[in-house]
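# what's the 3D shape of this:
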Amino acid sequence: MNKRQLIGLFTALTVVVSIAPSAFGQTRLLINRYVPPTHVVSTDIIGAWAKDVERVTEGRVKIEFPPATLAPPDGQWELVTQGLADGAFIQTAFAAKRLPLTQVADLPFMAWSAEATAVALWRTHEKFFQKNDEHKGVVLLGYFSAPGGYLYSLTDKPIQSVEDLKSMKMWSLPNLPARMIGQLGAAVLPGPAPRIHEMVSKGVVDGHAALGYHTVHAFNAAPYTKSATEIPGRMNASSFSFFLNRNKWNTISAADREAILGVSGETLARRSAAWDVVERDSRQKFVDAGKKIVPASAEFIAALEKAWAFTANEWVESAKKSGVDGEAALAHFREQAKAVGDGKR
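From the prediction side, this is the model:
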């Protein structure tokens, strides 16, 4: 190869290298997660979604996760809108003012399974909420859900009545679950699930509420918990909204955006079924550790239904103010959740 040929080859390689980032490079999405890498959300929900994205885009879109969370649980929205991460999920209870319609998923007595909650929320969003654009400023990809929560005692006495709660100091998830516990007369110290350990391990509270068995184990509250009181349909669900930075989304080709949406939405919601599996295993682990599980009595359930009736009433009125038929949306959510929970859809 002569000198002229070498110069020509070098020039050609220089051109290829200069255009590689735009013509041949990947779009990399940094997705924040504030749960451990081994958590079911990391492995079987968002982790599985990430693999789906890379598959359907044939590797043109690559998902990356930071080694540690870039913001606390309640700071995920700002993290994404400020461009510090390309995507994240937030527990919708932390965005109650921003996402009032979405709170329908966390109303009591409707959490038949994590999968049922997430699918019903997505279907209700598509039918009733989409026009309101609660996720304005970001791109909503879908919802997933935790199995929902019960009442737990750290003392030798299980929680079996409203009277029991009146003398207790309780940790709870924030916003609506905390208000529900407060409505029963308990003193409430709300906070995100990752911070429950410091509250129960230091004896600050007598019990806790609104978490499923898996989350109780995952955040190391189980060793300090002596009993659980189970409520049909659970006292709440814990839904999560998953979204991307809009500017970053617009850098992805239209074809790849369509492919990503194809593995999001209800497909993402269905992945919540993985959390149902670990929840069943976690319940058995709770029993095997010698903890008590007490079903709520008919009298206790009736008292809870009366005390917590305000939750649905408030949500319906709030929905009406947003221009949504609250009664119809709530009925649709309940019907969809029950049907999915029963394995009919």
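# so where's the protein uncertain?
1-25, 344 (pLDDT under 70).
# what's the nearest residue to the residue positioned nearest the centre of it if we skip its chain neighbours?
Residue closest to the mean C-alpha point of the chain, counted by CA atoms, centre = their mean, is F240 at 2.4 Å. Of all residues not flanking F240 in the chain, F89 sits nearest, at 4.7 Å (CB to CB, 6 or more residues apart in numbering). Where you see a C-beta, it was placed from the backbone N, CA and C, and this is true even at glycine.
# quick one: that neighbour from D256, how far?
21 Å (CB to CB, to the nearest Å).
# kindly report the same for K291.
From K291 across to D256, the span is 47 Å (CB to CB).
# using CSV, write out every CA atom in stretch 233-252.
Taking Å, rounded to 0.1, in the frame of the first residue of the first chain, the C-alpha atoms of stretch 233-252 are listed here in CSV:
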residue,chain,number,x,y,z
GLY,A,233,-58.5,-6.4,49.6
ARG,A,234,-55.8,-4.9,51.9
MET,A,235,-55.9,-1.5,53.4
ASN,A,236,-54.2,0.0,50.4
ALA,A,237,-52.1,-0.7,47.4
SER,A,238,-48.8,1.0,46.6
SER,A,239,-48.8,2.1,43.0
PHE,A,240,-45.8,3.4,41.1
SER,A,241,-45.6,5.7,38.1
PHE,A,242,-42.7,5.1,35.6
PHE,A,243,-41.7,8.0,33.3
LEU,A,244,-38.9,9.4,31.1
ASN,A,245,-37.5,12.9,30.5
ARG,A,246,-39.4,14.3,27.6
ASN,A,247,-36.4,15.9,25.9
LYS,A,248,-34.5,12.6,26.1
TRP,A,249,-37.5,10.7,24.7
ASN,A,250,-37.5,13.0,21.7
THR,A,251,-34.0,12.0,20.8
ILE,A,252,-35.2,8.5,20.2
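# and that stretch, what's buried?
For stretch 233-252, the neighbour count (16 or more other CB atoms under 10 Å) marks 233-245, 248-249, 252 as buried.
# from those residues, which single one is nearest N132?
For the buried residues of stretch 233-252, the residue nearest N132 by CB to CB is S241; the value is 13.8 Å.
# pretty sure that closest one is touching F129, no?
No - in this structure S241 lies outside contact range of F129 using CB atoms under 8 Å: 11.5 Å.
# mutual contacts of the two, please.
Shared contacts of S241 and F129 (CB atoms under 8 Å, 6 or more residues apart in numbering): T102.
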